[in-house]
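*Asks:* sequence and predicted structure, then a few things I'm wondering about:
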Amino acid sequence: MRVSLFITCLVDQMFPDVGDAMVTTLRRLGVEVGFNDAQTCCGQVAFNTGYRPETRAMAEHFVSVFENDKADFIVAPSGSCTAMVRNFYGELFHGADDQQWRERLGQVRPRLREFSEFIVNELGIEEVGARFPSRVTYHDACHLLRELGISDQPRRLIRAVRDVDFVEMEAPDTCCGFGGTFSVKYGEISNAILQEKLTRIEKSGVEYVVANDSSCLMQIAGGLSRAGSPVKTMHLAELLARV
Amino acid sequence: MANPDLTQRSHDALENTVLQGALKAATTTFIERRRDAITSIADWEGLRQRARQVKEHTINNLDFYLEQVVQKVEGHGGKVFWARTGDDVSRYIIELAHARGVKSVVKSKSMATEEIELNHALEAAGVRPIETDLGEYIIQLAQEKPSHIIVPAIHKTRGQIADLFEEKLREGRPNEVAEITAMARKRLRHEFLSAEMGITGANFLIAETGTVVLVENEGNIRLSTQVPKIHVAVVGIEKVIPRFDDLSVFLRLLPRSGTGQKQTAYVSFLNGPRQAAPESAFEFHLVLMDNGRTRILADEQMRESLYCIRCGACLNVCPVYQKIGGQAYGWIYPGPIGAVISPQLQSLGQSGDLPFASSLCGACRTACPVDINLPDLLLALRARAKESGAGRKLSESIAMRSVAFAAKRPRLFAFAGKVMRSFARLLSRDEKIKSVPFPPLSGWTRYRDLPAPQSSSFRARWKKHLDE
């Protein structure tokens, strides 16, 4: 089984430890891991902010990077980036003249998987050989949950970690308030939404919040840090890499 | 930069602790009640999809069904008026009122009439409108706009309402809820019995039978439509559904989605004017309102905005609405549906900022009983705002173009990333960035910390020692 990493610009530049953890975990599961360093960014932020021509340019690059990749699957540590390609790239190539791009996208899109989706659905594995004796909770990232329909797989993987104490917080499926540029354009509202999430985290009494999206984790960690909270955030990949 | 008005209104809303408490209580209750109510439907998802299909079909054939409505309503002895604009609606009603010597009008809650500020026009023409829905009565006394599609006065506490009644009605201070409603009932009863005209909206307009369908819990609609001699229904053209049988879908979805009820206390089916002797004694006027809806209808990408049955479910689950409430949206329709239809019924110039004030979480779509793809519609409006230049800011434009430029050039991308990270490390202390002194990131650090970037990117690490 060979996978190619769609590392995402955020993990590449800001949270490379998540990428390291992905590689460690996948290799432990016997998967051959490749990384095409011609990749850059899927264009989600540009798309969500309304800049479709710019997004299109980035999408064309993305497709041309991955279309000739011979890996069985293309795996990403992010629900939102996976959703961007899986659910929204089609809209970018919807024109009458875009038949060729649609075909090229067709070489990439069917092989794309979010990280937890890949391990559970494609490898058929839940117990990955990890151990983490701490109390953790899981935050459902919005695009992962509502665009991709993924909520069961991450929970199965967490529960299978040895000695972990998994607790569901109240309303785990509510937004953390990130929303891309919304987080800075409407920072006060974004923060108000975040505060609700932080209250629920505190109530759950956990030491760690786990999620599959570094953007949510950045928002939540940013709030926890500002509040001086001892609670830490962790990407699912980082949890699964722990032995 | 975000629209300063919306930012200011949001700020005021967030600072208003009374409002925050009211919003939390109301939205939490509605979410719980809706969740319980939908368990009584075996196949909720199937019902939603059916509703969407019916709406899609109806909207795609709206001209046919509207003509059927007209034919049936006129067949009942009702009159139909096509109103292109809000002014057309007001003018028709005022002329009718003057011709019939109408001095006061009892109104049931109608977002369509709020949309066109009908009350304002009536008052200016010497016709006194009285809102009879308790929530609308309250905001009419307070001279405010509604803050929710279903419960317009949700932002007010019992104490605030008591103060308001004491000030405006001058009959003492009604301290308990029962006293408040008794005071309102006494006033409204008199108004119902003396008004010469009743004005309502419609929840559904059935083409097959020419029936106006109205749901309510208070009984004010029954009184407004049955007591005065003249009933005027102001109905957006998108409210049409084809057949009476289609109500089996919509009357199960609407109350559950809106208030968490399996059914409202009263459901009225009105077929033309009241039939009583003498025949000319009662009148029914149906005002079909466009006011921008045909523009949305003509727009294939945005057309599903018209599927909305005005249940308010999207408001209750929206993390933004839950925090800022309805009045901060600046017009009549708040929440996700408001952010979608306001820029279309008004213009991108007027409310083009609303689609950006969303985290795109998608909870609205999940809650919508007609499965309107609200997040997609918001994204489409964002793209239009940027294309039209209405929402375009030069620095943001340049930034996006630069990122797109670099994204096609991996080595440049990696280099630019390295430069930004090095710069960011200058702002960090103890692995954290507490403050970035310029926008846009100042908008982040005002409320949250940022992590200090690592010295190496993933791609650098891969090259160095991860590549096997």
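*Replies:* Ah, there it is. From a predicted model like this one, the values you see are computed outputs, not experimental measurements.

*Asks:* grab the nearest non-local neighbour of B:A414.
*Replies:* Nearest in space to B:A414, with sequence neighbours left out and distances taken as CB to CB, 6 or more residues apart in numbering or on different chains, is B:R459 at 6.0 Å. (Glycine included, C-beta is placed from N, CA and C.)

*Asks:* ditto for A:G205
*Replies:* Leaving aside its sequence neighbours, A:G205 sits nearest to A:R135 (CB to CB, 6+ apart; 6.7 Å).

*Asks:* can you report how many residues neighbour that neighbour?
*Replies:* 15 (other CB atoms under 10 Å in any protein chain shown).

*Asks:* all strands of the stretch 151-300 of chain B, in order?
*Replies:* B:197-200, B:204-206, B:211-216, B:230-236, B:240-241, B:266-270, B:283-289 (DSSP state E, counting those that start in this stretch).

*Asks:* returning to what we had before: so what's the residue nearest to B:A414 up against?
*Replies:* A:I7, A:D12, A:F35, A:D37, B:A414 (CB atoms under 8 Å, 6 or more residues apart in numbering or on different chains).

*Asks:* and the closest residue to A:R155 other than its chain neighbours, how many residues sit next to it?
*Replies:* With sequence-adjacent residues excluded and distances taken as CB to CB, 6+ apart, A:R155 is closest to A:Y138, at 6.1 Å. Counted with other CB under 10 Å, the neighbours of A:Y138 add up to 24.

*Asks:* do the one 10 residues further on as well
*Replies:* By other CB under 10 Å, the residues close to A:L148 number 20.

*Asks:* these two touch, right, it and A:M84?
*Replies:* No: counting by CB atoms under 8 Å, A:L148 sits too far from A:M84 to count as a contact (10.6 Å).

*Asks:* hang on, A:Q13 packs against B:V419?
*Replies:* No: A:Q13 is beyond contact range of B:V419, at 10.9 Å (criterion: CB under 8 Å).

*Asks:* about what we covered before: distance of the residue nearest to A:G205 from chain B?
*Replies:* Using CB to the nearest CB, to the nearest Å, one obtains 23 Å as the distance from A:R135 to chain B.

*Asks:* from B:A416, how far off is that residue?
*Replies:* In this view, A:R135 and B:A416 are 40 Å apart by CB to CB, to the nearest Å.

*Asks:* show me how far stretch A:118-125 is from its chain's centre.
*Replies:* Distance of stretch A:118-125 from its chain centroid, counting by CA atoms, centre = their mean, to the nearest Å, is 16 Å.

*Asks:* actually stretch A:187-199, not the one I wrote
*Replies:* Averaging C-alpha positions (CA atoms, centre = their mean) puts stretch A:187-199 21 Å from its chain's average.

*Asks:* which residue is nearest the middle of chain B?
*Replies:* Nearest to the geometric centre of chain B sits B:Y333, at 3.4 Å (CA atoms, centre = their mean).

*Asks:* list phi and psi for that residue.
*Replies:* phi -100, psi 110 (degrees, to the nearest 10).

*Asks:* looking at A:Q13 and B:V419, which is more packed in?
*Replies:* Between A:Q13 and B:V419, counting by other CB under 10 Å, A:Q13 is the more crowded of the two (23 against 10).

*Asks:* skipping adjacent residues, who's closest to that one in space?
*Replies:* Nearest non-adjacent residue to A:Q13, counting by CB to CB, 6+ apart: B:G417, 4.5 Å away.

*Asks:* hmm, that neighbour is touching B:S455, no?
*Replies:* No: contact criterion CB under 8 Å: B:G417 and B:S455 do not qualify, at 11.9 Å.

*Asks:* neighbour-wise, which of these two wins?
*Replies:* Higher neighbour count among B:G417 and B:S455: B:G417, with 21 against 11, using other CB under 10 Å.

*Asks:* domain-wise, how is chain B divided?
*Replies:* Per the record, chain B has its domains at B:15-294, B:398-466, by automatic domain parsing.

*Asks:* where's the residue nearest to the spatial centre of chain A relative to A:P16, distance?
*Replies:* Residue closest to the average C-alpha location in chain A (CA atoms, centre = their mean): A:S78, at 1.4 Å. Per CB to CB, A:S78 is found 14 Å from A:P16.

*Asks:* just B:E144 next, same as before
*Replies:* Taking CB to CB, one finds B:E144 at 52 Å from A:P16.

*Asks:* OK, contacts around residue 19?
*Replies:* I went with chain A, as the question did not name one. A:L5, A:I7, A:V11, A:D12, A:P77, A:A237, B:F458, B:R461, B:W462.

*Asks:* nope, chain B
*Replies:* B:L19 touches B:A13, B:H155, B:G325, counting by CB under 8 Å, 6+ apart.

*Asks:* likewise for A:F62?
*Replies:* Contact analysis of A:F62 by CB under 8 Å, 6+ apart lists A:Q39, A:T40, A:C41, A:C42, A:G43, A:V85, A:Y89, A:V108.

*Asks:* let me see the contact set for the spatially closest residue to A:F47 that is not a sequence neighbour.
*Replies:* Spatial nearest neighbour of A:F47, excluding adjacent residues (CB to CB, 6+ apart): A:T55 at 4.2 Å. By CB under 8 Å, 6+ apart, the contact set of A:T55 is A:G43, A:Q44, A:A46, A:F47, A:L92, B:A404.

*Asks:* what is the burial count for the closest residue to B:W331 other than its chain neighbours?
*Replies:* Ranked by CB to CB, 6+ apart and with sequence neighbours excluded, the top spatial neighbour of B:W331 is B:S342, at 5.0 Å. Counted with other CB under 10 Å, residues neighbouring B:S342 total 25.

*Asks:* from B:G349, how far out is B:S342?
*Replies:* Distance of B:S342 to B:G349, given as CB to CB: 12 Å.

*Asks:* equivalent analysis for A:S4, please.
*Replies:* Taking CB to CB, one finds A:S4 at 45 Å from B:G349.

*Asks:* again, but for B:V227
*Replies:* In terms of CB to CB, B:V227 sits 43 Å off from B:G349.

*Asks:* higher neighbour count, the two?
*Replies:* More crowded of B:V227 and B:G349, by other CB under 10 Å: B:V227, with 16 against 12.

*Asks:* per-residue confidence for that one?
*Replies:* For B:V227, the pLDDT comes out at 94.

*Asks:* state the phi and psi torsions of it.
*Replies:* Torsion angles, degrees, to the nearest 10, at B:V227: phi -90, psi -50.

*Asks:* ok, it touching B:E196?
*Replies:* No: contact status for B:V227 versus B:E196: not in contact, 10.0 Å apart, counting by CB under 8 Å.

*Asks:* let me know the distance separating the nearest residue in space to A:T181 that is not next to it in sequence from B:D299.
*Replies:* Nearest non-adjacent residue to A:T181, counting by CB to CB, 6+ apart: A:T49, 5.1 Å away. Noted for A:T49: a distance of 22 Å to B:D299, by CB to CB.

*Asks:* can I assume B:V287 is in contact with B:V235?
*Replies:* Yes: the pair B:V287 / B:V235 is scored as a contact, 6.9 Å apart, by CB under 8 Å.

*Asks:* and the nearest residue to B:R50 once chain neighbours are set aside, how far from chain A?
*Replies:* Once flanking residues are discounted, B:R50 sits nearest to B:V249: 5.2 Å by CB to CB, 6+ apart. B:V249 is 24 Å from chain A, where distance means CB to the nearest CB.
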